[in-house]
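>>> have a look; sequence and predicted model below, questions after that.
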Amino acid sequence: MVISTSLNFFPFPPLGGSQRRTYLGITRFRTRELNLTCAAPGEVTAHEAEDYRARLHEIGPDAFIKETISRGSISAKKLLSAFGVKIPAFLVDQPDETCYPLLGLAIQRELNKRPRLRDHQTLDDAAELLKKSKRVIIITGAGVSFT
């Protein structure tokens, strides 16, 4: 099985606050208080999605595809939900193989994300790093500044 990257990805719109959204008959809920997303039928749970993304980073894309899609442990359509990708309406009733290009893009996008540093999560951690550092480069949304 070959997963190519010839289609664009279609991410779910962000969910914020307490709200319910329906796309293609799939309802997703998120509450600000608990920060939980309840999986709709045909989607993975938030915990499962986190596990799939971690596994992808752990073993790489080729082994990940063999472990999931090639073995038939999960469908490509369901796996797309682990990467936050909404299946376009024209692919909903199509065979699973039609989602392979979309899955390839989703995997590529996930692998291009920079992993967060577990030791540096708060503003205090950032302030401490700035205090200790001698040569600081600050990259902003508007460009690059050197300090």
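Now that the structure is in, tell me what you want to look at.
>>> how about the biggest helix by length in the chain: buried residues?
When secondary structure is assigned using DSSP state H, the longest helix within the chain turns out to be helix 46-59. Residues of helix 46-59 classed as buried by neighbour count (16 or more other CB atoms under 10 Å): Glu48, Ala49, Tyr52, Arg53, Leu56. Backbone N, C-alpha and C define where each C-beta goes, glycine included.
>>> tell me, how many residues neighbour Lys66?
Neighbours of Lys66 under the rule other CB atoms under 10 Å: 12.
>>> Lys77: how many residues sit nearby?
Neighbour count of Lys77, defined by other CB under 10 Å: 20.
>>> typed the wrong thing, it's Lys134
4.
>>> over to the one 4 residues further on?
Ile138 has 9 neighbours, counted by other CB under 10 Å.
>>> quick one on the thing from earlier: and the longest helix of the chain, what does it pack against?
If contacts are counted by 3 or more CB pairs under 8 Å, 6 or more residues apart in numbering; DSSP states H and E, helix 46-59 sits against helix 76-82, helix 100-111.
>>> closest one to Gly60 among these?
Minimum separation from Gly60 across the helices and strands packed on helix 46-59 (CB to CB) falls at helix 100-111, 8.4 Å.
>>> now do the buried residues in the next helix or strand after the closest one.
Beyond helix 100-111 on the C-terminal side, the first helix or strand identified by DSSP states H and E is helix 123-132. Residues of helix 123-132 include none that count as buried (16+ other CB under 10 Å).
>>> and for helix 123-132, what's in contact with it?
Applying CB atoms under 8 Å, 6 or more residues apart in numbering, the contact partners of helix 123-132 are Asp119, His120, Val136.
>>> and which of the residues you listed is nearest to Glu110?
His120 (21.4 Å).
>>> give the contact list for the closest one.
Contacts of His120 by CB under 8 Å, 6+ apart are Ala126, Leu129.
>>> if we can go back for a sec, contacts for the longest helix of the chain, please.
Helix 46-59 is contacted by residues 36-37, 39, 44, 64, 67-68, 79, 81-84, 107, 110-111, 115 when judged by CB under 8 Å, 6+ apart.
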